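S.K.: Here is a sequence together with a model predicted from it:
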Amino acid sequence: MSEIIIYTVITLSALGAVAAVVLFFIAKKFKVYEDPRIDQVEELLPAANCGGCGFPGCRAFAEAMVKADDISEFNCPVGGNDTMAAIATALGKELQEKEPQIAVIRCNGTPEHRKRTTKYEGASSCSVAHNLYTGETNCAYGCLSEGDCVVVCDFDAIYMDEATGLPVVKDNCVACGACITACPRNIIELRNRGKKERRIFISCINKDKGAPAKKACSVACIGCGKCVKECPFDAITLENNLAYIDYEKCKLCRKCVPVCPTNAIHELNFPPRKAKPAAPKAEKETTAPKADAADNKPKQDNNSTN
Amino acid sequence: MIEHDGIIVSSSPTKAKVRILNQSACISCQMKGNCNLSDMKEKFIDVKTMGKTYAENDKVTIIGTETMGFKALFYGYMLPFLILLFTVILLTLLKIPELTVGLIGLSTLIPYYIGLKLFHKKIENKFSFYLKNR
Amino acid sequence: MSQLKNFSKGFIKDNAVFVQLLGLCPTLAVTSSAENGLGMGLATTFVLVMANIVVSLVKNQIPDKVRIPSFIVIIASFVTIVDLSMAGFLPTLHASLGIFIPLIVVNCLVLGRAEAFASKNNIGSSAIDGLGMGLGFAFALTLLGAVRELLGAGSIFGLDIPIFPVTDKGAPITMLIFVLAPGAFIVLGYLIAIINQLKKS
Amino acid sequence: MEIFAIVISAILVNNIVLMQFLGICPFMGVSKKLSTAVGMTGAVTFVMVLATIVTYLIQTYVLEPLSIGYLQTISFILVIAAFVQMVEIVLKKVSPPLYQALGVFLPLITTNCAIMGVALLTIQNSYNLMEGIIFAISSAIGFGIAIILFAGIREHLDLMGVPKGMRGTPIALVAAGILAMAFMGFSGLV
Amino acid sequence: MNRLLTVSPSPHVKGHDSVRSIMYGVVISLIPALGVAVYFFGLDALKLTLIAVIASVIFEWLIHKFILKERPASAFDGSAIITGMLLAFNVPSNLPVWMLVVGALVAVGVGKMSFGGLGKNIFNPALVGRVFMLISWPVEMTTWPANRFHLTDGYTGATPLGMIKEGIGNGKTVSELMDQVPTALDFFVGNMSGSLGEISALAILIGGIYMLMRKIITWHAPISIFGTVFIFSAIMHTINPEMYPAPLFHLLTGGLFIGAIYMATDMVTSPMTGKGQIIFGVGIGVITMLIRYWGAYPEGVSFAILIMNATVPIINRYTKPQRFGEEVNNG
Amino acid sequence: MAKRESTFGNMVITLFAVTFIASATLGGIYELTKEPIRRALQAKKEASIKKVLPEFDKMKSFKVLYEEAGDSLEFNEAYLNGEHIGTAIETYTDNGFSGRFKIMVGFLPDGTINNTAVLEHKETPGLGDKMDASKSDFSDQFKGLEPTKPNLTVKKDGGKVDAITAATITSRAFCDAIERANKALETKGGTK
Amino acid sequence: MLKTFKIGGVHPEENKLSAGAAIEQLPLPDTVSIPVAQHIGAPAKVLVKRNDKVKVGTIIAESGGFVSANIHSSVSGVVQKIDNVYDASGYRRQAVIIKVEGDEWEESIDQSTDVKKEITLSQKEIIDQVNAMGVVGLGGATFPTHVKLMVPDGKKAEVLLINGVECEPYLTADHRLMLEKGHEMMIGIRILMKALGIVKAAIGIENNKPDAIKTLQKISVEYPGIDIVSLKVKYPQGGEKQLIKAVINREVPSGKLPIEVGAVVQNVGTAFAVYEAVQKSKPLIERIVTVTGKSVSKPSNLLVRIGTPVSKLIEAAGGLPDDTGKVVSGGPMMGKALNDLEAPVTKGTSGVLIFADKEAHRKAYDACIRCGKCITACPMGLEPFLLMSYAEQQMWKEAEDDKIMDCIECGSCSFTCPSYRPLLDYIRLGKSNVSQIIRSRKQ
Ligand SMILES: Cc1cc2nc3c(=O)[nH]c(=O)nc-3n(C[C@@H](O)[C@H](O)[C@H](O)COP(=O)(O)O)c2cc1C
Ligand SMILES: Cc1cc2nc3c(=O)[nH]c(=O)nc-3n(C[C@H](O)[C@H](O)[C@H](O)COP(=O)(O)O)c2cc1C
Ligand SMILES: Cc1cc2nc3c(=O)[nH]c(=O)nc-3n(C[C@H](O)[C@H](O)[C@H](O)COP(=O)(O)O)c2cc1C
Ligand SMILES: Cc1cc2nc3c(=O)[nH]c(=O)nc-3n(C[C@H](O)[C@H](O)[C@H](O)CO)c2cc1C
Ligand code: SF4
Ligand code: SF4
Ligand code: SF4
Ligand code: SF4
Ligand code: FES
């Protein structure tokens, strides 16, 4: 039955030859050269497919990075610097170190600080409430406490503190920015994580003049400008009755914190101040000791919550 | 309306070449990066830019109309299919042997595609996309 | 990557069926019993291992542009080998797996591994990779087959498991649907859900 | 009547996706767009018929006369891979805009399994050429019905918000299972 | 005043309908059918119904509480009761209890809760349960006990549809077979064998009218189903009266009534607009008759409804309501 | 990695080489497995013939055209010591629940049924597949029967056959297949 | 068969508790705060400063654009400050706060109560006068009336529809106005007709106000060209597109204005305000406000100076009941819940509605059961359940394609939903996002 083998060989070889020709053209026309480095880079990525990088999925991001000459503009918020560094080495490309960032909540309107004046009962969505009115308090800028930011976080990095009615960002925030887009009041901001997770920022975005602001919320920034004067590094600016600390310039010296008459400036993860219990912030420090679960000032109190 | 995300590869005032990331059935398949069997992962689309220039690596969305898609489908697949089917049925009814029927049927595609090539210009005018920044 | 890790990743973490959702057609079609599942799984494993070995052997001899057709030929040859040997030595299993044996050729798992792994690694690793992935696939098919067989026929690998009431004549009253088409979809759906859950915790 | 039986069987009773489990990958990955699903059906029909004709001819006029039927698998896969891609190349060559429009409109058809399956079934059921073609068309329609229904279901599921654990493939599989269950009502139709 | 004012978006008043009132309305409307079932099949009917209802409610509660981990309130909103009742109404009165419990688990667990619970499912849960049972246990699901008043030979154990299908399959003619099946009046009041709740068109009709009056359902789906079945069977009957029984027979037998009035009207799984519901109903009618005439099953309503359930998203997409100012008719 | 260039020549040569080796191997394997496959098929058929007929030592197979269907059935005449001891007929029916199935029916020279065996079927597992002797005793009732009309009709239709529960369709079809074999046997001229 | 619109609509309980209460003048408050944004369109620009003295009718803020309106002082006194105060919008917005001193009116205003019948001004003068007197629509949308009177080129007004429907439950201000100021209103309508250059007008009134229908029918013989059309009770018949459909059976195309079908719609109160503005040169400084609610001891219809704090109105109606849970400015279907009872009455305030705590709350909502009742209820033929899902999932494109912008925010959908879904809450959110998108696309 060797003729079967002969037929086999003839047929298949003929097919093979035909296929070779056809596929040669295919290969020529559809050059789908897949850079093997794409796979490597994809391996390095966290595979969260969150879109935080601005690409539809990790692989697309990997492709873009492999193709780009300069990857310093790219950033995977989930993987962070380590990942980006690894990718940079893998690709032999330059990488500009990105300060790791984290979301902060610029509102401290807990019920003690900000009297509830009404009770909101619409759809439980900040956007809906924001569309409707100032919210349950008289502050037209502050957090509405319906948790739109919590819903959109893919990383379970933000939760609503029942007691304060304010969201709390946990350390595992990857700075993807989803909550920032979700918040109708633009309360959330990304800031550098700072040395040892230390951060200082104005925990208020109320642009009203001092009196109504203060009336609505006892810890509102009243735009008095004391901190601006105090800051040795010119990191603080004042605009529309509201101070803002530039995190690039801020050296975390903590000088501004005690001068604020309304305690609107927040310091996070600093060791407790020595002596001088008179410093306004100290009171807070004691009511929210680092050791136990967040209470008064819990929303930035990452360490204690996880 | 069909929308497709893509990235500009090159751009001139009249035309831009856009690489589209293929959202094929394989989008959910994790092996897609390695599977070449019949899936081309990228396509390059020429789009009229209407005077706008785009920078390389710009993320854009390609927009076409659904009717255009169906038209393309018709010319690309359905019409040759109908011709083929018609030929095969006709020849079968004429009691022509199967082998001949099959071969003739397949070979109707050759003149069809030659025809398509001849109408190249006409077709080109029918299918054009435009771009939107993402 | 250590060889062990290389081998084991195909089992749960990267399981072809449960995680990567590859080759769902044979998975659904042939798993009406644990035996069929295992048979198909092993057949695929064989093809996978052999193809991986051969591909990694010849990888440097093959120009890029005919890589895929060459791989296809190699894979198809092994599939044919499996097909022929099964027909010769395991005729009943061969009959119940039907056209899904030749369809191993188009299982993206096989080509995918050849492309992604074997064409870049040495023979040893390639063989182990193929074995890991293949056994993971076989494991998934067997599990699915076992669940379906248990619910649908009251047995696993043909061994009666008395979980169902029996008729007067002693035959168990099983849930037929599980050995039929809908059962395949439903059981696989829930298995994937459960495995997702397990992976999370 | 025979032809009628083939059609009903391939579309309803032995629906290629729901009962024969061919082409599950594209079925699971279908886009939410109905128009895309319809378009895909059209393209699949053409490709399936083409593949069926070619493989039928190879089988009947090459492999069988030479009694090398065992080369079925290898020759079918080569022929299908080459032929299907050839159509695309030709299309790209003769009319780039058309080709591009299709590229944007259709997600590429990775239905190797269904195409190969239909080719094999045509041989297995010993259909003649005409029957094979009709079987291929009907199978494609069966595929189309399944993915068109699923395009709608997918969109519905996305909008309604399925429980986290079931989201994605699991619920799609369960829905497919229920649909398969419903299609069992057609059994005995032919 | 020291209470805080409530602030909410308009409207500030709410109509009377609630999910609960609708669901319990359906439960009430099912009572006549339950009564008929008990009358003809004895306390078995009541027992099965209670078991199915309790099982459905408990499964829903458990799944809510332990798997979905949500507020488990929805178990008691009445929808699970309907699912349980309709499930029981669709089985023979001598079905082993454990099968019914498994059926309820499938109905609620697979058919409803996997999709997220009330409102999110695509397929009618009771029918998912029923078809699951039918395919799993074809013997038990298709051996009907004779009802208490029909002990004469010809009628036992088979539904009229089953008998006709069987007979025609054996080459008998309709007129020969018609002697063996009960009269139209029997069909109407429910004096025949069949599933628990489907037998009496009269009782179901009463329930249906009650629901129509309370605006729980609309006429579109049921009427279009009846109409399609009527026309379809009238045509076939005219073509060959010896192969295809008269329209009235098809209307009154099998699950057509319960299907059309209770299952095709389930708001969750049927189209939203009247137009859509008519298309839905016509589809159900056609598929039902296809299966009844030419399929292996004597009855096809359940399958038909499930298949059409799958088409609902598409129907909805193409049957948008008439928009105000869309087709301007300024006469 | 010193990969080969993708020149046209290289490509053709490579592919040719690959297919050449593949085809040679396959041819070899085919030769190797041909015998086992043939034997397996043969064994299957023989097993079923053995099952439906008494001991025999010689067999003659031929096809017989069965006029009514325009189709041929395969007859296997068995001989023991040269004496014709029965005929095993491979018959089929299209009335199965899922279409055609094939069975083997053994007739003794006197025309009675010796036994039956299922060759190939798509009937529902758990229901129709009970016609297989290994799954239920349904097929036992045909042993030694005269292939008369009532003997080949299910009880429901007034005959004597106990149908498989919930699978009357399969049962009827089974009878139909036997009947077909019987008719063929009779028309062939009662080779007894 | 009584006329009504065809698709959608609901029947909330009417609760017209104050229907029998004659209009009373509310005493002057101590201070008023008059917001500068009381109308649709650009806010007015403040003309006064602190300590300026003003009289009743003194212009204190000037129209800020074409679609805008003048604002006049409603009291005499001294401007205390210009500050942000809460108004019905729920946000603090700019207002002129005036301390009341006496009740001194601008001389130009004719304070007499006699009915002045003949219309002496020309078409153009009427429009100018309406503009100068700051008349805006009093039916709720507060659209500057003079804009509506200037029919765009190429369009032609054929019929003036007067909206006396008052389909909102509880509210009776328009009802009382029609009963008590019939003649003035009719003259106002004649003025409007002259301004528009048309001879046909119709007043649409739901037949739950038979006395108003009868009264107006009786006097309408004196005013040629004005029909009284009684309509079947159905909410939201007062929506202008619905009213046009009901009375003249024309459908305003999607996204278009009534003038497209030759109609102009004005509220009865607007007609009265136009009368006063044109015949008496009296700016829009007061309006009728219904103060009502099941727990209110004395449901009333009050004639109130613009800028009076809502709390004063409540006092006049018997004081704020102890169990008050919610106070709404406007009707129960479309009104806005107030977060501050010191919010001033504005030109758009048609009622103050007080809900006891037990009526004030919404129930928790569940998943949509796809009953389609919201579709049946929607007078615009929309699919509220779908629009809500789109808004929840931020699918703005789909929302736009499904005509979210056609929603008139009538609330029938939320009212009817058996699952208590906050449909309109989300649709509003969707509308604001989609309209932003549309606007950005136009640029
Ligand atoms: C899933 C399923 C599979 C079935 N398979 C078969 C089968 O293989 N053979 C058969 O005769 N009937 C089959 N049936 C149909 C029988 O269950 C049905 O009862 C048949 O129509 C005849 O009924 P009878 O035996 O009570 O007369 C099947 C039914 C179902 C639900
Ligand atoms: C930008 C804009 C332009 C308008 N132009 C006119 C107009 O020219 N003529 C007119 O009769 N109404 C005009 N209107 C008024 C509307 O038709 C309508 O009366 C107003 O928005 C309030 O209606 P509502 O209370 O039913 O919501 C305009 C409205 C807007 C927002
Ligand atoms: C849902 C809805 C209900 C309305 N109901 C009334 C009403 O009852 N009476 C009324 O005068 N205007 C009502 N309006 C306002 C009218 O649409 C329209 O704006 C007004 O009649 C125009 O007249 P104006 O400009 O004089 O206010 C309603 C509007 C909407 C959207
Ligand atoms: C008119 C009406 C009919 C219903 N019919 C069914 C039914 O056939 N089957 C069922 O499981 N539930 C039915 N339900 C209950 C409920 O809608 C159903 O369980 C949902 O599908 C669950 O999401 C019905 C409810 C109503 C109001
Ligand atoms: S959503 Fe916000 S909290 Fe969550 S990871 Fe992103 S930036 Fe951090
Ligand atoms: S921070 Fe913003 S989004 Fe988050 S709860 Fe507060 S208002 Fe809502
Ligand atoms: S509020 Fe909008 S969507 Fe709801 S019923 Fe009214 S018009 Fe329709
Ligand atoms: S009324 Fe409510 S439950 Fe019904 S369809 Fe609309 S949103 Fe869904
Ligand atoms: S399509 Fe069949 S395995 Fe993917």
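M.R.: Noted; the coordinates are in hand. Residues are numbered from 1 along each chain as shown, chains lettered A, B, ... in the order given. Ligands and ions are numbered 1, 2, ... in the order given.

S.K.: Only C-alpha atoms from now on, for both contacts and neighbour counts.
M.R.: OK.

S.K.: and the host helix or strand of G:Ile189, what does it pack onto?
M.R.: Assigned by DSSP states H and E, G:Ile189 falls within helix G:182-196. When contacts are defined as 3 or more Cα pairs under 8 Å, 6 or more residues apart in numbering or on different chains; DSSP states H and E, helix G:182-196 sits against helix G:123-132, helix G:145-149, helix G:210-220, helix G:268-280.

S.K.: so that helix versus helix G:210-220, what angle?
M.R.: 60 degrees (axes from the mean of the first three to the mean of the last three Cα atoms, to 10 degrees).

S.K.: then helix G:182-196 to CSV, C-alphas only?
M.R.: Taking Å, rounded to 0.1, in the frame of the first residue of the first chain, the C-alpha atoms of helix G:182-196 are listed here in CSV:
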residue,chain,number,x,y,z
GLY,G,182,-62.1,87.6,34.7
HIS,G,183,-62.5,90.9,32.9
GLU,G,184,-59.0,92.1,33.5
MET,G,185,-57.7,88.8,32.3
MET,G,186,-59.8,88.9,29.2
ILE,G,187,-58.6,92.4,28.4
GLY,G,188,-55.1,91.1,28.9
ILE,G,189,-55.8,88.4,26.4
ARG,G,190,-57.1,90.9,23.9
ILE,G,191,-53.9,92.9,24.4
LEU,G,192,-51.8,89.8,23.8
MET,G,193,-53.8,89.1,20.6
LYS,G,194,-53.2,92.6,19.4
ALA,G,195,-49.5,92.2,20.1
LEU,G,196,-49.4,89.0,18.1
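
S.K.: which stretch among the helices and strands packed on helix G:182-196 comes nearest E:Ser224?
M.R.: Of all the helices and strands packed on helix G:182-196, helix G:210-220 sits nearest to E:Ser224, with 42.2 Å by Cα to Cα.

S.K.: just to revisit the earlier point, and ligand 2, is the next helix or strand after the helix holding G:Ile189 touching that?
M.R.: Downstream of helix G:182-196, the first helix or strand assigned by DSSP H and E is strand G:201-206. No - contact between strand G:201-206 and ligand 2 is absent, the nearest approach being 14.0 Å (criterion: Cα under 6 Å from any ligand atom).

S.K.: How about the secondary structure of D:Tyr99?
M.R.: Secondary structure for D:Tyr99, judged by DSSP: H, G, I helix; E, B strand; the rest coil, is helix.

S.K.: ok, for it, nearest residue in space, not its chain neighbours?
M.R.: D:Lys92 (5.2 Å; Cα to Cα, 6 or more residues apart in numbering or on different chains).

S.K.: what does G:Ile375 give?
M.R.: Once flanking residues are discounted, G:Ile375 sits nearest to G:Glu383: 5.1 Å by Cα to Cα, 6+ apart.

S.K.: And the one you found, how far from A:Asn131?
M.R.: G:Glu383 sits 21 Å away from A:Asn131, going by Cα to Cα, to the nearest Å.

S.K.: One more: G:Ile306?
M.R.: Distance, G:Ile306 to A:Asn131, using Cα to Cα: 25 Å.

S.K.: And the contacts of stretch G:149-159?
M.R.: Stretch G:149-159 is contacted by residues G:127, G:192, G:195-202, G:259-260, G:262-264 when judged by Cα atoms under 8 Å, 6 or more residues apart in numbering or on different chains.

S.K.: Buried ones among these?
M.R.: Neighbour counting over the contacts of stretch G:149-159 (16 or more other Cα atoms under 10 Å in any protein chain shown) leaves G:127, G:192, G:195-198, G:200-202, G:259-260, G:262-264 as the buried ones.

S.K.: and which of those is nearest to chain F?
M.R.: Among the buried ones among the contacts of stretch G:149-159, G:Glu260 lies closest to chain F (Cα to the nearest Cα), at 64.7 Å.

S.K.: check contacts around the closest one.
M.R.: Here G:Glu260 is in contact with G:155, G:252-253 (Cα under 8 Å, 6+ apart).

S.K.: that's a helix at it, yeah?
M.R.: Yes - under three-state DSSP, G:Glu260 sits within a helix.

S.K.: mind checking pLDDT for it?
M.R.: As predicted, G:Glu260 sits at a pLDDT of 92.

S.K.: separation between G:Pro12 and ligand 9?
M.R.: 55 Å (Cα to the nearest ligand atom, to the nearest Å).

S.K.: wouldn't that residue be in contact with G:Tyr235 here?
M.R.: Yes - between G:Pro12 and G:Tyr235 there is a contact at 7.4 Å, judged by Cα atoms under 8 Å.

S.K.: So these two - more neighbours on which side?
M.R.: Counted by other Cα atoms under 10 Å in any protein chain shown, G:Pro12 and G:Tyr235 do not tie: G:Tyr235 has more neighbours, with 28 against 20.

S.K.: got the contact list for the more buried one?
M.R.: Counting by Cα under 8 Å, 6+ apart, G:Tyr235 has contacts G:9-12, G:167-168, G:412.

S.K.: quick revisit: could you measure the residue nearest to G:Ile375 against ligand 5, distance?
M.R.: To ligand 5, G:Glu383 is 31 Å away according to Cα to the nearest ligand atom.

S.K.: which residues sit in contact with A:Tyr247?
M.R.: A:Tyr247 touches A:191-192, A:200-201, A:235, counting by Cα under 8 Å, 6+ apart.

S.K.: got JSON lines for the residues you listed, with pLDDT and secondary structure too?
M.R.: Shown next, in JSON lines, are the contacts of A:Tyr247 (pLDDT from 0 to 100; DSSP: H, G, I helix; E, B strand; the rest coil):
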{"residue": "A:Arg191", "pLDDT": "88", "secondary structure": "strand"}
{"residue": "A:Asn192", "pLDDT": "86", "secondary structure": "strand"}
{"residue": "A:Ile200", "pLDDT": "90", "secondary structure": "strand"}
{"residue": "A:Phe201", "pLDDT": "91", "secondary structure": "strand"}
{"residue": "A:Ala235", "pLDDT": "91", "secondary structure": "coil"}
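
S.K.: if we can go back for a sec, phi, psi for the residue nearest to G:Ile375 please.
M.R.: For G:Glu383, the backbone dihedrals (degrees, to the nearest 10) come out as phi -120, psi 80.

S.K.: Quick check: it touching E:Gln322?
M.R.: No - using Cα under 8 Å as the test, G:Glu383 is too far from E:Gln322 to be in contact (10.1 Å).

S.K.: quick one, which of those two is more surrounded?
M.R.: G:Glu383 (26 against 15).

S.K.: So for A:Pro100, what pLDDT did the model give?
M.R.: Reported pLDDT for A:Pro100: 81.

S.K.: That should have said C:Gly170, apologies.
M.R.: 70.

S.K.: what's the answer for A:Phe24, then?
M.R.: 67.

S.K.: Which SSE is immediately downstream of the helix or strand of chain D with the lowest mean pLDDT?
M.R.: Across the helices and strands of chain D, mean pLDDT, DSSP states H and E gives its lowest value to helix D:96-105, namely a mean of 76. Once the chain leaves helix D:96-105, the next helix or strand it forms, by DSSP H and E, is helix D:112-124.

S.K.: Run through who's touching that following helix.
M.R.: Applying Cα under 8 Å, 6+ apart, the contact partners of helix D:112-124 are B:38, C:25, C:99, C:103, C:106-107, D:16, D:22-23, D:47-48, D:51-52, D:55-56, D:59, D:76-77, D:80, D:132, D:135-136, D:139.

S.K.: which other helices and strands contact the helix or strand following that helix?
M.R.: Later in the chain than helix D:112-124, the nearest helix or strand by DSSP H and E is helix D:129-160. Applying 3+ Cα pairs under 8 Å, 6+ apart, one finds that helix D:129-160 contacts helix B:79-93, helix D:2-8, helix D:24-28, helix D:34-58, helix D:112-124, helix E:301-318, helix G:384-392.
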